[in-house]
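>>> Mind folding the following:
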Amino acid sequence: MTLDASPTLLPLLRDRRSTRSYDAAHVLADDELRAMLDAARWAPSAGNSQPWSFLVARRGDPAHERFVPLLSRGNQSWVPRASALVFSLHQVASGPEEDALSYSDYAAYDLGQAVAQLSVQALALGLAVHQFAGFDHERLAEVAGVPRHWRVTTGIALGRALPPEEAGDPLARERDSRPRARRPLAEVAYAGVFGEALSLE
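Here you go, the predicted model:
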């Protein structure tokens with residue numbers, strides 16, 4: 001895999017990376033947090049259903065203290081240094097009843113769009129974003145009182161990135177120094193038949 005991004009790609013997208021090296025002294029301002037959550041709020045969704053919710057925990061607050069022990073061992077080494085943790089949820093049923101109807105076939109897709117918009121807004125603010133799934137989803141739902149018709153989906157670390165050489169964790173330093181890479185476009189964009197590469201000038 002190689003990094004061969006088009007020169008017309010927005011720098012915010014081209015230069016994005018999932019950093020593990022966070023400035024543990026950085027404090028996320030209210031207006032920054034509001035802007036990121038508003039970006040997510042205005043994402044497109046099927047039928048304007050907006051099937052997303054977010055649990056927010058800033059470093060040092062009681063929610064952060066409850067959520068950090070639920071992180072996987074690998075994520076314990078870097079996630080707590082981020083300025084805030086955001087856990088994303090999507091609605092899976094119309095209500096908490098046992099016989100509730102399924103909510104939407106596209107709720108997880110819509111949540112993904114909301115988180116993507118949150119991420120781009122964070123980058124525009126000069127912040128770093130790293131999405132992760134390594135945590136105890138069921139326990140977090142219990143601790144946060146998530147209703148049964150919502151599903152805890154992913155975690156998002158937000159904060160100010162440190163240069164890799166300043167990272168205290170050797171693993172974070174090594175991973176944040178790796179070149180970014182993606183599969184070639186010919187392996188992901190097809191001309192109407194799966195596997196038939198789309199031809200572009």
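
>>> longest helix anywhere in this structure?
When the chain is parsed with DSSP state H, its longest helix is helix 107-124.

>>> mind listing what's buried in it?
Within helix 107-124, the residues scored as buried using 16 or more other CB atoms under 10 Å are 107-108, 110-112, 114-123. From N, CA and C alone the C-beta is placed, and that goes for glycine too.

>>> same deal with stretch 54-72?
Neighbour counts over stretch 54-72 (16+ other CB under 10 Å) mark Phe54, Leu55, Val56, Ala57, Arg58, Arg59, Ala63, His64, Phe67, Val68, Leu70, Leu71 as buried.

>>> quick one: contacts of it?
Outside stretch 54-72, the residues that touch it by CB atoms under 8 Å, 6 or more residues apart in numbering are 24, 27-28, 33, 37, 40, 76, 79-89, 134-136, 139-140, 143-144, 146, 152, 155.

>>> From the residues you listed, which land in helices?
Mapping the contacts of stretch 54-72 onto helices (DSSP H) picks out Leu33, Leu37, Ala40, Gln76, Arg139, Leu140, Val143, Ala144.

>>> Could you find the lowest-pLDDT member of these?
Across those, the member with the lowest pLDDT is Gln76, scoring 94.

>>> which non-adjacent residue is nearest that residue?
Of all residues not flanking Gln76 in the chain, Val68 sits nearest, at 7.5 Å (CB to CB, 6 or more residues apart in numbering).

>>> Repeat that for Ala133.
Using CB to CB, 6+ apart, the closest residue to Ala133 is Thr154 (5.5 Å).

>>> mind listing what that neighbour touches?
Here Thr154 is in contact with Phe87, Ser88, Val115, Gln131, Phe132, Ala133 (CB under 8 Å, 6+ apart).

>>> Any chance of those in JSON lines with distance to Ser49 as columns?
JSON lines is the format used below for the contacts of Thr154 (distance: CB to CB, whole Å):
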{"residue": "Phe87", "distance to Ser49": "20"}
{"residue": "Ser88", "distance to Ser49": "15"}
{"residue": "Val115", "distance to Ser49": "16"}
{"residue": "Gln131", "distance to Ser49": "22"}
{"residue": "Phe132", "distance to Ser49": "26"}
{"residue": "Ala133", "distance to Ser49": "23"}
